[in-house]
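> what's the 3D shape of this:
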Amino acid sequence: MADQTKTPAPSNKPKPWRIPLNEAARLLGFTRSGLHGQMKKDPAFPRPIKDGTDRRSRSYFLTEELEAWLDRKAKQRDQQAA
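Predicted coordinates:
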């Protein structure tokens, strides 16, 4: 008898290409203030994109930039461990 188990189908739902500051902080495991601190101390950390010119305009991060930053951090960690 053939195996009846099904593998989950890959999600066709596209990844969001930009996420708000709160979601970026949650995704990276930071608090809002921790994320702001990271932005100040790490010049390689991605900069947010403002939705307008007003000081109260929402800020967004590009998911590709956050993933690239995290990948660089992981590679640095791996190089230091070697």
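
> Which element, helix or strand, includes the spatially most central residue of the chain?
When C-alpha atoms, centre = their mean is applied to the chain, the residue found nearest the centroid is L66 (3.7 Å). Applying DSSP states H and E as the criterion places L66 in helix 63-81.

> Give the rounded mean pLDDT of that helix.
The average pLDDT within helix 63-81 is 92.

> in it, what's buried?
Within helix 63-81, the residues scored as buried using 16 or more other C-beta atoms under 10 Å are T63, E65, L66, W69. C-betas here are computed from N, CA, C, even on glycine.

> Show residues contacting that helix.
K15, P16, W17, R18, I19, A24, L27, L28, A44, F45, P46 (C-beta atoms under 8 Å, 6 or more residues apart in numbering).

> Try it again at 10 Å.
Helix 63-81 is contacted by residues 15-19, 23-24, 27-28, 38, 42, 44-49, 61-62 when judged by C-beta atoms under 10 Å, 6 or more residues apart in numbering.
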